[in-house]
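Colleague: Need coordinates for the below:
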Amino acid sequence: MSDCCSGDRLLTLADALTAVLSTIQPICDTETAPLLDAYGRVLAADLIARLDVPPHDNSAMDGYALHLADLKQDQPTRLPVIGQSLAGHPYLEPVPCGATVQITTGAVLPDGPDAVVMQEECRIAPDGGWIEVEPSTAIRLKTGENIRRRGEDVSANTILLPRGLRLRPQDVSLAAGQGIATLEVVRPLRVAVASTGDELYPPGQVLPPGAIYESNRYVLIGLLRRLGCMVTDMHILRDDRSMILSSLRDAVLSHDVLLTSGGISVGTADLVKDIIAELGKIEFWRLAVKPGKPVAVGWIDNCMILGLPGNPVSVVVTYLMLVRPLLLKRMGSEAAEPLRLRALADFQFRRKPGRREWLRARLSLNAEQQLIVSIYHTNSSGALSSLSWADGLVELPEDCVGVASGDEVMYLPFSGFGIG
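Modeller: Okay, the predicted model is just below:
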């Protein structure tokens, strides 16, 4: 067992993340994915732009391409319309001074014109053979008006998307706009998930006395799939040492991460922590956080072991604040700091300082359009309903002794973790 979990010392979340992140080697295996299968995957190498975007000067408006020098500022200017430049059907000849070409949004700007006047600002002949531009419009127009220049969005041979990016729909679209049909991505992280405890039974079965329905796997597997992991469901492991030992030993052979809930505290049936230590090593197992104080992080061979508490709220909070950053690093990506918003508390809350704490919370706007945050009626870590009610968390730092109504607090929306 590592020194960082010896004695009675509780690690802060920041220290725990710093310590473990430095030990994680991202997986290196890559594969080629078609664009429509690349959402949520991690880009394995910088993607270099092949093309300028836009690939040519084009119009930002429906209107008329013209030479600014032709426009009079003391009387209307009439110009003959000598052709059209349409999206996909460019006008291929230079436009001489004293003439104009009708142009649509996105169409190639012909050689010659240095501005586009919107069609709403022109008087147009009934047969479309000429336009007139008023002096007030002529005075206002500038060189480059309503023109999008070649390469102003993306320049060829520059980094289009950086290595380690978890691909969002807009990123995949950007690659498509370059004519790129496949992307080199890191293979999915292989994660095995198990819940432990004799009291747990799967939904659909009749509960014996003292039993409860197991729910932690359902939230963990959902969170992991949202992150792009390939998940193996190990189901429920009973409080049997040989069963847990055998299951963990088998799982680490074919997975990058093993994620368990329950069995890591100090009770007589809490077997998981000791088995992890027997098969490998534990970096730490207690954090100065609430909920989620007992959290085991360690390794068995090259498989990261993450042992979470059994209470459902503790499972979700420790996943969001600790597990998610570790998984992203293992996937070859980096986790940004959670989004934090300043909001006004509409509640009172007293606490003992020393641990960082998160309260299930919901955000709203008051009549003055200020952000107001409320908390759930109970702070129990077993209140599964609070997670469904909440749309985020209120974060209280280690030295906080309480919150009074009207105090400014930090609110972390679930959407900032990709689960809103």
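Colleague: Tell me, how many residues neighbour residue 46?
Modeller: Residues lying near residue 46 (other CB atoms under 10 Å) number 13. Glycine gets a C-beta too; all of them are placed from N, C-alpha and C.
Colleague: where's it relative to residue 293, distance?
Modeller: For residue 46, the distance to residue 293 equals 41 Å [CB to CB, to the nearest Å].
Colleague: And for residue 395?
Modeller: 16 Å.
Colleague: Then residue 16?
Modeller: From residue 16 over to residue 293 (counting by CB to CB), the distance is 12 Å.
Colleague: Flag the shaky bits of this structure, pLDDT-wise.
Modeller: Judged by pLDDT under 70, the chain has its weakly predicted residues at 1-8, 265-269.
Colleague: again, only using 90
Modeller: Residues of the chain meeting the criterion pLDDT under 90: 1-10, 262-274, 284-285, 293, 334-336, 420.
Colleague: And it, split by domain according to the record?
Modeller: 3-29+188-331, 34-52+153-186, 58-148, 341-417 (automatic domain parsing).
Colleague: Need the winner for burial among these.
Modeller: Greatest average neighbour count among the domains of the chain goes to domain 3-29+188-331 (a mean of 19), per mean count of other CB atoms under 10 Å.
Colleague: For residue 136, grab phi and psi.
Modeller: Note on residue 136: backbone dihedrals following degrees, to the nearest 10 are phi -60, psi -40.
Colleague: Tell me the spacing between it and residue 68.
Modeller: Taken as CB to CB, the span from residue 136 to residue 68 is 15 Å.
Colleague: isn't residue 219 right next to residue 315, touching?
Modeller: Yes - counting by CB atoms under 8 Å, residue 219 touches residue 315, with 6.5 Å between them.
Colleague: Now residue 181: closest residue in space that isn't a chain neighbour?
Modeller: residue 35 (6.3 Å; CB to CB, 6 or more residues apart in numbering).
Colleague: Dihedrals phi and psi, residue 236?
Modeller: phi -100, psi 130.
Colleague: Do you have the strands of the stretch 151-300 of the chain handy? List them.
Modeller: In the stretch 151-300 of the chain, the strands defined using DSSP state E, counting those that start in this stretch lie at 159-161, 182-186, 190-196, 200-201, 212-213, 230-237, 257-261, 281-286, 289-290, 294-300.
Colleague: quick one: the fourth one to chain centroid distance?
Modeller: Just to be clear, that refers to strand 200-201. Centroid separation for strand 200-201 versus its chain: 33 Å, with CA atoms, centre = their mean, to the nearest Å.
Colleague: Stretch 177-185 now?
Modeller: The answer for stretch 177-185 is 20 Å, by CA atoms, centre = their mean.
Colleague: same question, stretch 350-364
Modeller: Here the centre of stretch 350-364 is set off from its chain's centre by 24 Å, with CA atoms, centre = their mean.
Colleague: Use 603 as the first number from now on
Modeller: All right, first residue 603 from here; so that's stretch 952-966.
Colleague: Okay, now that stretch: how far is its last residue from its first?
Modeller: 22 Å (CA to CA, to the nearest Å).
Colleague: Next: stretch 1010-1022.
Modeller: Using CA to CA, the end-to-end distance of stretch 1010-1022 comes out at 23 Å.
Colleague: Kindly report the same for stretch 683-696.
Modeller: Terminal-residue distance, stretch 683-696 (CA to CA): 13 Å.
Colleague: Residues contacting that stretch, please?
Modeller: Here stretch 683-696 makes contact (CB atoms under 8 Å, 6 or more residues apart in numbering) with 661, 666-667, 697, 701-714, 727, 730-733.
Colleague: Of those, which belong to strands?
Modeller: 661, 666-667, 702-705, 732-733 (DSSP state E).
Colleague: Distance to residue 778 added to those, as CSV?
Modeller: As requested, the ones in strands among the contacts of stretch 683-696 are exported to CSV (distance: CB to CB, whole Å):
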residue, distance to residue 778
661, 23
666, 32
667, 28
702, 34
703, 30
704, 30
705, 25
732, 41
733, 37
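Colleague: rewinding a little: joint contacts of residue 618 and residue 895?
Modeller: residue 889.
Colleague: Just give me the closest of the ones in strands among the contacts of stretch 683-696 to residue 903.
Modeller: residue 661 (60.7 Å; CB to CB).
Colleague: For that closest one, give its distance to residue 775.
Modeller: 22 Å.
Colleague: for residue 750, same thing?
Modeller: Distance of residue 750 to residue 775, computed by CB to CB: 18 Å.
Colleague: okay if I get the strands of the stretch 753-902 of the chain as a markdown table plus distance to residue 853?
Modeller: Shown next, in a markdown table, are the strands of the stretch 753-902 of the chain (distance: least, CB to CB, whole Å):
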| stretch | distance to residue 853 |
| --- | --- |
| strand 761-763 | 34 |
| strand 784-788 | 21 |
| strand 792-798 | 4 |
| strand 802-803 | 18 |
| strand 814-815 | 23 |
| strand 832-839 | 6 |
| strand 859-863 | 5 |
| strand 883-888 | 17 |
| strand 891-892 | 26 |
| strand 896-902 | 9 |
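Colleague: can you tell which of those strands is closest to residue 955?
Modeller: strand 891-892 (11.0 Å).
Colleague: Quick one: distance of the closest one to the chain centre.
Modeller: 24 Å.
Colleague: and it, what does it pack onto?
Modeller: strand 958-967 (3 or more CB pairs under 8 Å, 6 or more residues apart in numbering; DSSP states H and E).
Colleague: What lies in contact with the strand it packs on?
Modeller: By CB under 8 Å, 6+ apart, the surrounding residues in contact with strand 958-967 are 614-615, 890-893, 915, 919, 923, 943, 945, 951, 953, 973-978, 981, 985, 988-989, 991-1000, 1002, 1013-1015.
Colleague: now stretch 883-894
Modeller: Outside stretch 883-894, the residues that reach it (CB under 8 Å, 6+ apart) are 603-604, 606-607, 612-615, 618, 621-622, 625, 866, 875, 878, 895-901, 907, 909-911, 913, 915-916, 919-920, 923-924, 956-960, 983, 1000.
Colleague: rerun that using 6 Å as the cut-off
Modeller: 603-604, 606-607, 612-615, 618, 622, 875, 878, 895-901, 911, 915-916, 919-920, 957-959, 983 (CB atoms under 6 Å, 6 or more residues apart in numbering).
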